[in-house]
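S.K.: can you look at this prediction? I've put the sequence above it.
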Amino acid sequence: MAYPIGQGLRSGQSCLLGDRRSSATPRPAEPQVALNSSITITVAMLAGPCLSGSERTLIAKSRRTCKCLTINRTRKSEGRSQYGERPTSEPHGGLQVKFLSYNPGHDGAVAFLEDSCLIFSVEAEKDSNYRYSAISVAEVLDAVGQLNAVPDVICMSGWWPRDHHEFLHGSHRNGGYRGVSAQGAIMDKGRLLMGRADYFSSSHERSHIMCAFGMSALPKRTSCYALIWEGEMGSFYEIDPDCNISLIADVLSQPGNRYGLLYALADPTFPKDGPYPRASDAGKLMALASFSTRSTPTASEADLLRFLLDGPYRKLSDYEQLDRAPHLDVGLDDPEFRNFAGIYSDAIFDIFHQFALNNLERGRPLVIAGGCGLNCDWNTRWKETGLFSEVFVPPVANDSGAAIGTAIDAQLRHTGDPKIHWDVYSGLSFRTEGLIDLEGYDVFEGDDNLVADMLADDLILGWAHGKYEIGPRALGNRSILAAPFKDETRVRLNEIKQREQYRPIAPVCLREDAKTWFGCDHDSPHMLYTYRATTGDLLAVTHVNGTARLQTVTSDSNRRLHDLLLAFKARTGYGVLCNTSLNFKGKGFINNLTDLNVYAAEHGLDGFVVEGRAYLRKGSERYRAYRRDSRSGDREESLVFRKPWPAQG
């Protein structure tokens, strides 16, 4: 018998997940992240300033009589949507509906939708917090500070049970990890803010599906497939015109964890009895797989493949032949391990590809989410299969999109609309109020020609404008930029970022030049696919296998970066730059001037440009050389050295 997420399981029963059963003992895909009920309480308390004095008085008077309504679990009936009848009039008395949603697990975020528009998504790891962080009260404060009205609905994305009691008996707040039926959602009318806000929670599984479909350009009522592959789930789904979701099959459990486990095998610092790989291991293996020049496994590698991919997920120490396993603790520079990394990557993709060939109808769209949706090689291969009319991956494919997905799910329930308008630059604005000592800088009013000339002269600059990007990829608002021509630039960028030298650097390119340099004749704005470089001139952004994780830019998508690329093209003939994330090692994007000042000095940037103003480090050898050359008259008159601004606090 299947039990909707949110309802209790009795001892000895198991929860049916698609066509697979899990034991009665909960096994999270990674260490537990406790559900922080104080987040909802904090939102409710801090929303108080949005209320008028009379509203607060009215709420106080009704405190004793306000009661939550019972949970509404709408049943599916023949010929009707899981969500019941579609609204025949505007919800909430014709007002714009506002949804505040949070994800309590890793890659935490707080997102806000209003009138089917994403207003913001505040991500826990951003502003130099640790990568993959869960949200804290600090992020809730940041989010509430952006609100101009009380939310109509406060949402929590489902997560693992916080303890064994919740696993056995269910939860009145947690929509759970698995479950695709709308019947499993928790809906409490007037539960929060003394009756002013409803509460909603649906499963983590649904958050991924709804994020991918809701952010896609597919019109509502489009029938399509969804692929969710991440640390725990590896499953295909069908979405019908009424947005009912059906699980087709769990194809491979824990594909993300299995993928990262190979990196752990070769890394001598990883304990082989560790239950799960580190969160960063999968992304690093993606880079190493590109070094592969061999497609056939050896006999011992074939045995290892069977252990890693057949049957349930197991830790490395469970492998009976571990002491004789190929690539055990060989290190990440070993060429044969890198060959096997590519073989292993192909093997995982082929499991899903073969299932799609045998079970899915050709010609429908496919939407993809889950952390594996950040694997650019796999995304590209899905497009190249020819199975699907189109493929869409949101820039928040990992759990940073879970809060958005749950808000979309709540919007669907309240309004009947699963689609939203959104912009990838929907984070928080860069904070410039911090004081820094400007004696160490020459400061200039922004000039794209001057900045382009500095980049062409091999200066490496931080670049921060507007609101930060949602999702993990730097897309030109929190970036480090450099000229794309020399491999030495790639080496220096990886040194600045204090990371391994096998890690690639991505190109950002004018949309109109993308076909010339990368064979890309369409928009690719979110750095989610690979393309093959058509020239040997772009060594810093071409990976060892000749591919590049391309981002294209237009004046509409990012005007500031587009204008800089135009200036760089006028200077060099190439509308292409190196683009990598502006962050401390192991942390999210820098989002304040104080941190950027420290980063520039400690990591060796030549300077940075913030909101159109350039700060050039007087201590940088490259900048001093550039300044000497400028004053010597070697440069064109239009690019002569500008007198710096006087130092200001």
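M.R.: Thanks, I have it.

S.K.: pretty sure residue 337 sits in a strand.
M.R.: No: remark: residue 337 does not belong to a strand; assigned using DSSP: H, G, I helix; E, B strand; the rest coil, it is helix.

S.K.: quick check: the gap between the residue lying closest to it once chain neighbours are set aside and residue 321.
M.R.: Leaving aside its chain neighbours, residue 337 sits nearest to residue 327 (4.3 Å; criterion: CB to CB, 6 or more residues apart in numbering). Every C-beta, even on glycine, is put in place using the N, C-alpha and C of the backbone. According to CB to CB, to the nearest Å, residue 327 stands 12 Å off from residue 321.

S.K.: now residue 193
M.R.: Look at residue 193 and residue 321: by CB to CB, they are 59 Å apart.

S.K.: neighbour-wise, which of the two wins?
M.R.: Neighbour count, other CB atoms under 10 Å: between residue 193 and residue 321, residue 193 has more, with 23 against 12.

S.K.: please look at the more buried one and residue 152 and confirm they touch.
M.R.: No: shown here, residue 193 and residue 152 do not form a contact pair, counting by CB atoms under 8 Å, at 9.8 Å.

S.K.: strands of the stretch 101-250 of the chain, start to end?
M.R.: Assignment of strands within the stretch 101-250 of the chain using DSSP state E, counting those that start in this stretch yields the ranges 109-114, 117-123, 153-157, 186-192, 197-202, 224-229, 234-239, 245-250.

S.K.: meant to ask about the stretch 501-649 of the chain
M.R.: Using DSSP E, counting those that start in this stretch, the strands assigned to the stretch 501-649 of the chain run over residues 506-510, 530-532, 547-549, 551-553, 576-581, 607-610, 613-617.

S.K.: mean neighbour count added to the ones you listed, as CSV?
M.R.: Converted to CSV, those look like this (neighbours: other CB atoms under 10 Å):
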stretch, mean neighbour count
strand 506-510, 26
strand 530-532, 21
strand 547-549, 23
strand 551-553, 27
strand 576-581, 26
strand 607-610, 22
strand 613-617, 22
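
S.K.: is it possible to export those to CSV including distance to residue 304 and mean pLDDT?
M.R.: Formatted as CSV, these follow (distance: least, CB to CB, whole Å; pLDDT from 0 to 100):
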stretch, distance to residue 304, mean pLDDT
strand 506-510, 31, 98
strand 530-532, 26, 98
strand 547-549, 26, 97
strand 551-553, 35, 98
strand 576-581, 33, 98
strand 607-610, 46, 98
strand 613-617, 49, 97
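
S.K.: to residue 459, which of the ones you listed lies closest?
M.R.: Set against residue 459 and scored by CB to CB, the strands of the stretch 501-649 of the chain come closest in strand 607-610, at 6.9 Å.

S.K.: now do the closest one: which elements does it pack against?
M.R.: Applying 3 or more CB pairs under 8 Å, 6 or more residues apart in numbering; DSSP states H and E, one finds that strand 607-610 contacts strand 461-464, helix 593-603, strand 613-617.

S.K.: how about those in TSV, adding distance to residue 312?
M.R.: Listed next are the helices and strands packed on strand 607-610 as TSV, based on distance: least, CB to CB, whole Å:
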stretch	distance to residue 312
strand 461-464	45
helix 593-603	43
strand 613-617	53
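
S.K.: so for residue 571, which of these sits nearest?
M.R.: Ranking these by distance to residue 571, with CB to CB as the measure, places strand 461-464 first at 14.4 Å.

S.K.: quick one: average pLDDT of that closest one?
M.R.: Taken as a whole, strand 461-464 carries a mean pLDDT of 98.

S.K.: same thing with stretch 144-162?
M.R.: Across stretch 144-162, the average pLDDT comes to 93.

S.K.: which one of the helices and strands packed on strand 607-610 lies nearest to residue 264?
M.R.: For residue 264, the closest of the helices and strands packed on strand 607-610 is helix 593-603, at 27.7 Å, according to CB to CB.

S.K.: between the closest one and strand 613-617, how big is the angle?
M.R.: For helix 593-603 and strand 613-617, the angle between their directions (axes from the mean of the first three to the mean of the last three CA atoms, to 10 degrees) works out to 30 degrees.

S.K.: hmm, who's touching helix 593-603?
M.R.: Applying CB atoms under 8 Å, 6 or more residues apart in numbering, the external contacts of helix 593-603 come out as 127-128, 430-437, 440, 462, 464, 496-498, 582, 584, 590, 605, 607-608, 610, 615, 617, 619.

S.K.: so for that helix, what gets flagged as buried?
M.R.: By 16 or more other CB atoms under 10 Å, the buried positions in helix 593-603 come out as 593, 595, 596, 597, 599, 600, 603.
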